[in-house]
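Novice: Here's my sequence, what's the structure:
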Amino acid sequence: MSLQILRKASSRTQNPNHLSSIVLSKLTRSFSHLSSQSKPCSSFGIAFDIDGVVSRSDVPIGGSPQAFRRLYDDSGRLRVPYVFLTNGGGFLESKRAHELGQLLGVKVSPSQVLQAHTPFKQLVSKFENELIVAAGKGEPAAVMSNYGFRNVVSIDDYAACFENIDPLAPHKKWTTKHVGNLDSTIRDLVHRERIQAAFILSDPVDWSRDIQVLCDILRTGGLPGREIGHQPQLYFAHDDLAYQAAFPSERFGLGAFRIALESIFNRVNPHPLKYTTFGKPNSFVFKNAELALKQLVSSVPVANHETAGSHQFKTLYMVGDNPLVDIKGARQAGHPWFSILTRTGVFKGKENHDKFPADLVVDTVEEAVDYVLKKELTS
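Specialist: Take a look at the predicted model:
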């Protein structure tokens, strides 16, 4: 299979410190389908984690389908503004929204899905025309191309451009791409141009190869096999050490991969690894979610129409399963966030978490929704 560098027309973006305006401009269009619906309840909103709260390995848990149907009226129109706020990723928000809609039996807008790598959109202006590499499970290069990056190559394709770059390749049972199958023009380009940045969107599948190739890129200034040079930029979508999957105990996440890469890089390179991490529990992620919820409310035309910037929530609920990520993030974000911890994922304790206690602990997401609706709609 030949290497394909994905190209995409440019899109507007701003400095990483100005995520808010980007979110607003994107969400206005994405929520336009709600224009014919009745206005949702606007005094509160909910942000849901996905893995360990709504589903586990694409199987609904904790009564999530029933819980989410309560957020819509009898005609299927949204009555409670909510978003999915997840450190997961690897696929387009539109694809994830469709999957969640199918899983839960409700209509989900792409702009209700805020993934860990969604804020990478704000870096388009910096790397729009530069050669970058995207790594992680799923379709990382396609995601970055959709965001507006013009020259993106997946780490699978990039590694295939260099013969013998992965010494373990002959011993791997899965199919890998070979140098001989690549278009010569693309192969020459990859050997000639330096990688300016590496983006890790989700958990890598082939840790040994990806650590090797990333160390090669980062140590040589973006041209593997050359002399040591200035390190290209490195971005991680999130830094979760572990998450709850189908296996009874937690599985290592992207944060574990970051630790492994950093440890090895620092042993073989004279200068320590430099990188930037996104995702929860960073406070700006919760600001992003608040803006998305404001836009969801303001997108519905009413007599006293409010803009997303002017609307104020009395309470925003974060429903998550990881105290170190979901609850810590909500606590750091402060007012108007109220944290709800479920026992269906990472956290399984009988009492509250000792270091990052939630405002409320429940067994399931269904119980969380029940609490919110009773508190907000009957008070």
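Novice: For the residue most central in space within the chain, which residues are in contact?
Specialist: With distances taken as CA atoms, centre = their mean, Ala116 lies nearest the centre of the chain, 2.1 Å away. Counting by CB atoms under 8 Å, 6 or more residues apart in numbering, Ala116 touches 86-89, 201-202, 237-238, 278-280. From N, CA and C alone the C-beta is placed, and that goes for glycine too.
Novice: Which secondary structure state is assigned to it?
Specialist: coil (DSSP: H, G, I helix; E, B strand; the rest coil).
Novice: just so I have it, where are all the helices in the stretch 151-300 of the chain?
Specialist: 155-160, 184-192, 207-219, 254-268, 283-298 (DSSP state H, counting those that start in this stretch).
Novice: Mind listing residues that contact the third one?
Specialist: Taking CB under 8 Å, 6+ apart as the criterion, the residues outside helix 207-219 that touch it are 133, 135, 155, 158-159, 162, 165-169, 195, 198, 204, 224-225, 228-229, 231-232, 234, 257, 260-261, 264-265, 268-269, 273.
Novice: buried subset of these?
Specialist: 133, 135, 155, 158-159, 162, 165-166, 169, 195, 198, 204, 224, 231-232, 234, 257, 260-261, 265, 273 (16 or more other CB atoms under 10 Å).
Novice: Quick check: the closest residue to Ile165 other than its chain neighbours vs Ile211, distance?
Specialist: Spatial nearest neighbour of Ile165, chain neighbours left out: Ala159 (5.6 Å); criterion: CB to CB, 6 or more residues apart in numbering. According to CB to CB, to the nearest Å, Ala159 stands 11 Å off from Ile211.
Novice: do Gly334 as well
Specialist: 37 Å.
Novice: Where does pLDDT dip in the stretch 51-200 of the chain?
Specialist: For the stretch 51-200 of the chain, applying pLDDT under 70 flags the ranges 175-183, 185-186.
Novice: all strands of it, in order?
Specialist: Using DSSP state E, counting those that start in this stretch, the strands found in the stretch 51-200 of the chain span residues 55-56, 59-60, 82-85, 113-114, 131-135, 151-154, 197-200.
Novice: do you know which of the ones you listed lies nearest Glu351?
Specialist: strand 55-56 (23.0 Å; CB to CB).
Novice: and that closest one, how far from the chain's centre?
Specialist: 16 Å (CA atoms, centre = their mean, to the nearest Å).
Novice: what's next to stretch 351-370, contact-wise?
Specialist: Under CB under 8 Å, 6+ apart, the answer for stretch 351-370 is 46, 48, 53-54, 61-64, 66-68, 70-71, 317, 319, 323-324, 327-328, 330-331, 338-344, 347, 371.
Novice: Do me a favour and average the pLDDT over it.
Specialist: Mean pLDDT, stretch 351-370: 98.
Novice: From one end of it to the other, what's the distance?
Specialist: 20 Å (CA to CA, to the nearest Å).
Novice: same deal with stretch 196-214?
Specialist: Span of stretch 196-214 from end to end, CA to CA: 12 Å.
Novice: Could you pull out the buried residues of that stretch?
Specialist: 196-204, 206, 209-214.
Novice: and what of stretch 104-115?
Specialist: 104, 106-115.
Novice: go on, stretch 351-359?
Specialist: 353, 356, 358.
Novice: quick check, nearest of these to Glu139?
Specialist: Once CB to CB is applied, the member of the buried residues of stretch 351-359 that ends up nearest Glu139 is Phe356, at 33.0 Å.
Novice: one step back: from what I can see the residue nearest to Ile165 touches Asp166, true?
Specialist: Yes: shown here, Ala159 and Asp166 form a contact pair, counting by CB atoms under 8 Å, at 6.0 Å.
Novice: So which of the buried residues of stretch 351-359 is the closest to His98?
Specialist: Among the buried residues of stretch 351-359, and counting by CB to CB, the member closest to His98 is Ala358, at 30.6 Å.
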